[in-house]
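Visitor: could you look at this predicted model? Sequence included:
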2 protein chains.
Amino acid sequence: MRASDKAYEALRTDIVEWRLRPGAMLGEVEQAERLGVSRTPLREALARLVADGLAIQERGRGAMVSDVSLQHVDNLFALRRALEIESARIAAHTADPAVFAALSARFLEAGRSATIETRESFFQLAGELDRSIDAAVANPYIEQALRSLRVHLARIRRLAQDDPERLATSAIEHASIAAAIAARNPDVAAAATQLHLHHSLEHIKNHAGSREDT
Amino acid sequence: MRASDKAYEALRTDIVEWRLRPGAMLGEVEQAERLGVSRTPLREALARLVADGLAIQERGRGAMVSDVSLQHVDNLFALRRALEIESARIAAHTADPAVFAALSARFLEAGRSATIETRESFFQLAGELDRSIDAAVANPYIEQALRSLRVHLARIRRLAQDDPERLATSAIEHASIAAAIAARNPDVAAAATQLHLHHSLEHIKNHAGSREDT
DNA sequence: ATGCCACCAATTGTATACAGAAACCTCCAG
DNA sequence: CTGGAGGTTTCTGTATACAATTGGTGGCAT
C-alpha cells in the first residue's frame, strides 16, 4: 500500500471517528511525523481530504478539519434525498429480488432484537444494503457521489444518540426499502427511502447529543 | 496562483476540450515539462483529475484520460436527474422570483434568435441559470456534486451535434424551468427539469456525432 | 493609547535527487 | 516458431532541501 493511501486512510478515520475534532489544525510536518511518512505523500492525503470536504485549506496556516453543525446536517440530508431516493428508484428497476428479499428479512430480524449491543452489527447490515443498492444501480458516477456522502454521514453519526428504540424503527424502515426494491416497485421504494430519511433527520435534530465524550 | 492549480486547470481544460483524447496517457515527466512545472505540483494535479473521474490511475503506467461512451452518458444523466431535479425543487422554495423571471425572459429571447453563432452566448446564459440555482439552493454539498457533474457534461457536450433547432428548443425548456422557479412552484420546476433532461439525453443519443474533428 | 509598519519566525509550495517497482524487450530453450 | 525467464529501462513513489509567502509580534510614531 502506498504511503499516501495509508496517510489518507489514517487521517480520514481519525476525522470520522472524532479523534481529530472540527477546527483542529493539520500541520504538514506535525502529521507527517505522527504517521511516519514524508511530507510529500501526506500532502497528497491532505489534498484528498480537502476534495472530500473533510478539511478546508486555510491559506497560509495549513488545513483545518471542517466544521459540522446542524445546518450542515440539513444540507447533507438534502443531498442524501436527491441521491438515495433516485438510487432506490433505479435499484427497483434492475435489482435481483432474491437479494433484497433476503436483506429485508434480516432487517426485520435485526429490528426484533435491537439492543445497544447490536448497534455495530446493525450498521454493518445497513452497509450491506448500501452496497447491494450500489451494485444494482451500477452507475460509477452515482456511486462516487454516494461514497463521498457516506463519509460525511459516518462523521455526523456521532451527533445522534442512538437508542434501541430508534435502531428498531430504523431497521423496520430499512426492511421496507429492501422489500420495495425486491418487489421491483420504484415508487414505493422511493417513498420508503424518503420516509426513512425524514425520520432519520428528525431523530438527529431532536436528539442531537453533546460532544463532550471520547 | 499556485503551480499545482495552474497544472490542474490546464490539464482539465485540455481534457474537457478534447485536446487530450480518452485513452491518452499522462506521463508525469512529459506533462510536467509541457506545462513548465515540476513533478510535485503536477502529481497533485493528476490526483485531483483522478478524484474528478476525468482520469483513471493505471497502476505502474501512470494516469490515463478516462473513457467516454454512450453508456457513460446514460449513467451521467441518471446522476444529473437526481441532482438537478432536486435542486430545481429546492430553488423553487427559496429563490428570489425577480432573478429567475428575468432569466426566463432572456431564455425566451435567446430561443427566438437561435443560430449557430449564438451557441456560445447560449451556453453562457445556461451557466448563469446554473449559478443562480446554486445560489438559491445554498448547499455546499449539492454544489460540489453539481460542479463535478458539470465538468463531465462539458466534456460530452462535444458528442452532441447542436443544431439551431435543438438550441431553440433547449432555450424554451430552460425558460420553463426558470419560470417555474420564479413562480415558486417546486413540482412544476421539477417536471420542467425532468422534461429538459429527457429531451437533452434523447438528442445526444440520436445525434451522437463522430469524433474525428479538431 | 492606538494604529501602522517593519522584521522575524514558521509554515506551505516547489524542485530535485534517489529508490523501488513494473512493463517491455531480448535471448535462450524446447 | 513459440513460450518463458531474466535483464534492462523507464516509470512512479518517496524523501529532503530550498524558496517564497504569510501570520504574528514588537517597536515606533502620531
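Guide: Yes, it's here.
Visitor: for the residue lying closest to A:A91 once chain neighbours are set aside, give me the pLDDT.
Guide: Nearest non-adjacent residue to A:A91, counting by Cβ to Cβ, 6 or more residues apart in numbering or on different chains: A:A136, 4.0 Å away. Glycine gets a C-beta too; all of them are placed from N, C-alpha and C. Looking at A:A136, its pLDDT is 98.
Visitor: show me what the one helix or strand A:A136 maps to is packed up against.
Guide: Assessed by DSSP states H and E, A:A136 sits inside helix A:119-137. If you count contacts as 3 or more Cβ pairs under 8 Å, 6 or more residues apart in numbering or on different chains; DSSP states H and E, helix A:119-137 packs onto helix A:70-94, helix A:97-112, helix A:140-156, helix A:164-182.
Visitor: wait, doesn't the residue nearest to A:A91 sit right on A:D96?
Guide: Yes: with contacts counted by Cβ atoms under 8 Å, A:A136 reaches A:D96, the gap being 7.5 Å.
Visitor: burial count for the residue in chain A that DNA strand C sits nearest to?
Guide: Closest to DNA strand C within chain A is A:G62: 2.5 Å, counting by Cβ to the nearest atom of the strand. Neighbour count for A:G62, taken as other Cβ atoms under 10 Å in any protein chain shown: 16.
Visitor: show me what it is bridged to.
Guide: For A:G62, the beta-bridge partners under DSSP bridges are A:E58.
Visitor: need the helices and strands packed on helix A:119-137 in a markdown table (columns: mean neighbour count and mean pLDDT).
Guide: Below are the helices and strands packed on helix A:119-137 laid out as a markdown table (neighbours: other Cβ atoms under 10 Å in any protein chain shown; pLDDT from 0 to 100):
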| stretch | mean neighbour count | mean pLDDT |
| --- | --- | --- |
| helix A:70-94 | 21 | 97 |
| helix A:97-112 | 17 | 95 |
| helix A:140-156 | 19 | 95 |
| helix A:164-182 | 21 | 95 |
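Visitor: so for B:S66, which of these sits nearest?
Guide: B:S66 lies closest, by Cβ to Cβ, to one member of the helices and strands packed on helix A:119-137: helix A:140-156, at 9.8 Å.
Visitor: could you list every helix and strand in contact with the closest one?
Guide: For helix A:140-156, the elements it packs on are helix A:3-16, helix A:70-94, helix A:119-137, helix B:70-94, helix B:140-156, judged by 3+ Cβ pairs under 8 Å, 6+ apart.
Visitor: let's see it at 6 Å
Guide: Where contact means 3 or more Cβ pairs under 6 Å, 6 or more residues apart in numbering or on different chains; DSSP states H and E, helix A:140-156 is packed against helix A:70-94, helix B:70-94.
Visitor: could I get these as a markdown table with distance to B:R21?
Guide: A markdown table is the format used below for these (distance: least, Cβ to Cβ, whole Å):
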| stretch | distance to B:R21 |
| --- | --- |
| helix A:70-94 | 30 |
| helix B:70-94 | 15 |
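Visitor: mind checking the ones you listed for the one nearest to A:R34?
Guide: Smallest distance to A:R34 across these (Cβ to Cβ): 26.9 Å, for helix A:70-94.
Visitor: now that closest one against helix A:164-182, angle please.
Guide: Taking axes from the mean of the first three to the mean of the last three Cα atoms, to 10 degrees, one finds helix A:70-94 and helix A:164-182 inclined to each other by 30 degrees.
Visitor: correct me, but A:H174 touches A:R106?
Guide: No: checked against Cβ atoms under 6 Å, the pair A:H174 and A:R106 is beyond contact range at 9.3 Å.
Visitor: domain ranges for chain A, per the record?
Guide: Per automatic domain parsing, the structural domains of chain A span A:3-65, A:70-206.
Visitor: and the last one, how far from the chain's centre?
Guide: Here the centre of domain A:70-206 is set off from its chain's centre by 10 Å, with Cα atoms, centre = their mean, to the nearest Å.
Visitor: re earlier: A:A136 and A:D96: which is more packed in?
Guide: Higher neighbour count among A:A136 and A:D96: A:A136, with 20 against 14, using other Cβ under 10 Å.
Visitor: I'd say that one and A:H93 touch.
Guide: No: assessed by Cβ under 6 Å, A:A136 is found out of contact with A:H93, at 8.4 Å.
Visitor: which SS class is the residue of chain A most remote from its centre?
Guide: Relative to the centre of chain A, and counting by Cα atoms, centre = their mean, the farthest-placed residue is A:G60 at 31.1 Å. The three-state label given to A:G60 by DSSP: H, G, I helix; E, B strand; the rest coil is coil.
Visitor: how close does it sit to B:R43?
Guide: Going from A:G60 to B:R43 by Cβ to Cβ, to the nearest Å gives 22 Å.
Visitor: just to revisit the earlier point, per-residue pLDDT of the residue farthest from the centre of chain A, please?
Guide: 76.
Visitor: OK, contacts around it?
Guide: Applying Cβ atoms under 6 Å, 6 or more residues apart in numbering or on different chains to A:G60 gives no contacts.
Visitor: where's it relative to B:K6, distance?
Guide: Taken as Cβ to Cβ, the span from A:G60 to B:K6 is 19 Å.
Visitor: pretty sure A:V68 is touching A:G23, no?
Guide: No: between A:V68 and A:G23 there is no contact under Cβ under 6 Å: 10.0 Å.
Visitor: more neighbours: these two, which one.
Guide: More neighbours surround A:V68 than the other of A:V68 and A:G23, with 19 against 10 (other Cβ under 10 Å).
Visitor: kind regards, and thank you for your time.
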